[in-house]
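Undergrad: Fold the following.
(chains A and B)
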Amino acid sequence: MKQTLSRVAIALAIVLLSASCTTLQRMSDERGAAWVAQALNEGNAALLSAISSSPFLLDGETIALPADTAAFWDAMVKAGVKLDPELSRAVETGADSWREFGSSRDVKVFFEKYVTEGARLFELQTANGRRVLVLYRASWGSRQLYGFKGPSTP
Amino acid sequence: MKRTLSISILLLAAAGLFAAPAKVVDTDGQATVRLASGKTENVALGRSYTTGDSIRTGKNGMVELSQAGLTIRVGPSTVFTLLEKELDGKPKGVLAVTLGSVKMKYDRLTGAEPLVQSAGCVAGVRGTELTVWAGSDGATRFIVDSGLVSVEAYGKSVDLGPDEAVEVLNGQPPGDKFIVQRGLLDHAKWDQGRIEALLADPVAGVEGLRDRLAYYADSAAAFRADYATFKARLDAERLQVKAVEKEKGLEAAQAYERDKVATLITPTQNLFLNARYFLLAGFSMRRFVGSRMYVLLKNTHLDDPENPAWVGFLGHYTGFLEQYESQIAKYLVDADF
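TA: This next block holds a predicted model:
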């Protein structure tokens, strides 16, 4: 009886721990997505450029020069693209995540070489219902954007 | 595993075995170098770079390199790569200017001057001072300060003397040469004109890229085919050495190796070097010029994604990417990306 109770307690602890990890991850994703949306919606292209990695993945393009990445964020702000901060989807990047950005070897190698463990893939919507993907990683208070895809028609 | 090892050995042979290193003698602003190994780091004063290394400068960046009697000044917003190819049986350095501006000045001419390459053409240098501008649409302008420079693309050559310049649009032979007005030389202004030309006719821009990519891909394929033939002969002769040793002894085997194997090694390496050269030229054009075009067009049409100019560009650009993927990318190694 005592043994059964302790088994139940361990199982319960595991379930609770796992649930809290999932909740924490979800909260972290929501914070990250909201931060990106806020930076763009407030027109802070310089901030987005500053946390964008080099190279940066834009759609299926590996942007090697930081000036081109900066020009993209400037253009996004200038075009008035606004993001809904509510996450449509958030997943950890895995072996096949590169396929979300394209089917080329450039994209595959980009993920293998430049996207570090713990990166998250966010799906968000623009104010006019178009879809974007954000390749994001937060660690110890620092943020990094590895890539962006869209806006595209869902 | 064995194939990976032999490719690695050949890559090492192809990367910098013959090249004169270029030493950094001055640097300012943002400047990084992507080494042939695939690693990226900041350009460091006093460091030497060699074949396969690619220097990228930021908006205010500048790097000055010294290479065997040649001074190379890499201007702002530039992508400059040290390459190498075989010419007339000998390895020859190639200075590749993919984007931005580079000025070259020779202290002396030795007859072994490197070739100068942009996305769309190659120039042979018999001069002492020249400037190369590489535009966002793949166009190139060569400006000669002194000496003689021969610019070639699609079988047409143009010889330039002092104060003369020529422009080469991607996918086309060199245009007519013209006299430069020294006080009016402004790379940024010229590139802005190239961007406007691209935005006015993006399909022509991407078709120019496709033509040039086809040239790189065809050349790489021809060298790869020859390399495969030579490599098969080399492998067969190496096996034969063992047979000779078994049959006639060590001395006979060594003589056979000298006569039959050693003579094949350099030509085989050179074919590999040239195949790599054309593959890397295609990669560089796609990575820097192609991506720059894509970003410029995407940025212009972010608020109008159904614009026929953008949709038309995407159609042709997809064709360019498929061509690159099947004819160039599949033959590169991961470190190239």
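Undergrad: With only the CA atoms kept, save the helix or strand harbouring residue B:143 in PDB.
TA: Residue B:143 belongs to strand B:140-153 when assigned by DSSP states H and E. Written as PDB, here are the backbone C-alpha positions of strand B:140-153 (Å, rounded to 0.1, in the frame of the first residue of the first chain):
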ATOM      1  CA  THR B 140      30.500  45.400 -63.200                       C
ATOM      2  CA  ARG B 141      32.500  48.500 -64.000                       C
ATOM      3  CA  PHE B 142      36.300  48.400 -64.500                       C
ATOM      4  CA  ILE B 143      38.100  51.700 -64.300                       C
ATOM      5  CA  VAL B 144      41.800  51.800 -65.200                       C
ATOM      6  CA  ASP B 145      44.100  54.400 -63.600                       C
ATOM      7  CA  SER B 146      47.300  53.200 -65.300                       C
ATOM      8  CA  GLY B 147      48.500  50.300 -67.400                       C
ATOM      9  CA  LEU B 148      46.400  48.000 -69.500                       C
ATOM     10  CA  VAL B 149      43.500  45.800 -68.500                       C
ATOM     11  CA  SER B 150      41.700  43.300 -70.800                       C
ATOM     12  CA  VAL B 151      38.100  42.600 -69.800                       C
ATOM     13  CA  GLU B 152      36.400  39.500 -71.200                       C
ATOM     14  CA  ALA B 153      32.900  38.000 -71.100                       C
END
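Undergrad: quick one, helices of chain B?
TA: B:2-14, B:187-200, B:202-248, B:250-256, B:262-284, B:291-300, B:308-327 (DSSP state H).
Undergrad: For the stretch 1-150 of chain B, what lies in contact range of chain A?
TA: Neighbours of chain A within the stretch 1-150 of chain B, by CB under 8 Å from any CB of the partner chain: B:30, B:38, B:56, B:58, B:59, B:77, B:79, B:99. For every residue, glycine as well, the C-beta is placed using N, CA and C.
Undergrad: do that again at 7 Å, thanks
TA: Contact residues, the stretch 1-150 of chain B versus chain A (CB under 7 Å from any CB of the partner chain): B:56, B:58, B:59, B:77.
Undergrad: you'd agree the last one is up against residue A:67?
TA: Yes: with contact defined as CB atoms under 7 Å, residue B:77 counts as touching residue A:67 (6.1 Å).
Undergrad: which neighbours do these two share?
TA: Residues within reach of residue B:77 and of residue A:67 at once, by CB atoms under 7 Å, 6 or more residues apart in numbering or on different chains, are residue B:59.
Undergrad: what residues go with each domain of chain B?
TA: What the record gives for chain B is the domain set B:17-185, B:203-332, from automatic domain parsing.
Undergrad: Just put those domains in CSV and tack on distance to residue A:50 and mean pLDDT.
TA: Below are the domains of chain B laid out as CSV (distance: least, CB to CB, whole Å; pLDDT from 0 to 100):
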stretch, distance to residue A:50, mean pLDDT
domain B:17-185, 13, 92
domain B:203-332, 18, 96
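Undergrad: between those domains, which gets nearest to residue A:99?
TA: domain B:203-332 (14.5 Å; CB to CB).
Undergrad: close to chain A, is that closest one?
TA: Yes: contact of domain B:203-332 with chain A (CB under 7 Å from any CB) involves B:287-288, B:291-292, B:294-295, B:299, B:302-303, B:321, B:325, B:329-330.
Undergrad: where in chain A is pLDDT low?
TA: Within chain A, the stretches with pLDDT under 70 are A:1-2, A:5, A:8-9, A:11-20.
Undergrad: run the last query once more with 90
TA: Scanning chain A with the threshold set as pLDDT under 90 gives A:1-25, A:139-141, A:153-154.
Undergrad: Enumerate the residues of it near chain B.
TA: With CB under 7 Å from any CB as the criterion, chain A meets chain B at residues A:58, A:61-68, A:71-72, A:75-76, A:79-81, A:104-106, A:109, A:113.
Undergrad: Can you report how many residues lie near residue B:84?
TA: 26 (other CB atoms under 10 Å in any protein chain shown).
Undergrad: typo on my end, residue B:251
TA: Counted with other CB under 10 Å, the neighbours of residue B:251 add up to 10.
Undergrad: Can you give me the distance of it to residue B:179?
TA: 67 Å (CB to CB, to the nearest Å).
Undergrad: What of residue A:51?
TA: Taken as CB to CB, the span from residue A:51 to residue B:179 is 48 Å.
Undergrad: who has more neighbours, those two?
TA: Higher neighbour count among residue A:51 and residue B:179: residue A:51, with 17 against 10, using other CB under 10 Å.
Undergrad: pretty sure that one contacts residue A:145?
TA: Yes: taking contacts as CB under 7 Å, residue A:51 lies within contact range of residue A:145: 5.4 Å.
Undergrad: Contact partners for the nearest residue to residue B:329 once chain neighbours are set aside?
TA: The shortest distance from residue B:329 to any non-neighbouring residue, by CB to CB, 6 or more residues apart in numbering or on different chains, is to residue A:105 (4.5 Å). Listed by CB under 7 Å, 6+ apart, the contact partners of residue A:105 are B:325, B:329, B:330.
Undergrad: related to what we said a few turns ago, which of the residues of domain B:203-332 next to chain A are buried?
TA: Applying 16 or more other CB atoms under 10 Å in any protein chain shown to the residues of domain B:203-332 next to chain A, the neighbour count classes B:287, B:288, B:291, B:292, B:294, B:295, B:299, B:302, B:321, B:329 as buried.
Undergrad: Just want the angle from the longest strand along chain B to helix B:187-200.
TA: Determined from DSSP state E, the single longest strand within chain B is strand B:90-106. Put simply, strand B:90-106 runs at 120 degrees to helix B:187-200, going by axes from the mean of the first three to the mean of the last three CA atoms, to 10 degrees.
Undergrad: Strand B:90-106: how far from the chain's middle?
TA: The chain centre lies 9 Å from the centre of strand B:90-106; the measure is CA atoms, centre = their mean, to the nearest Å.
Undergrad: Show me the strands paired with that strand, marking each as parallel or antiparallel.
TA: Sheet pairing here is set by DSSP bridges, and for strand B:90-106 it gives strand B:70-74 (antiparallel), strand B:79-87 (antiparallel), strand B:115-117 (parallel), strand B:122-134 (antiparallel).
Undergrad: Let me have the ones you listed in CSV, adding distance to residue B:191 as columns.
TA: Shown next, in CSV, are the strands paired with strand B:90-106 (distance: least, CB to CB, whole Å):
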stretch, distance to residue B:191
strand B:70-74, 15
strand B:79-87, 13
strand B:115-117, 18
strand B:122-134, 7
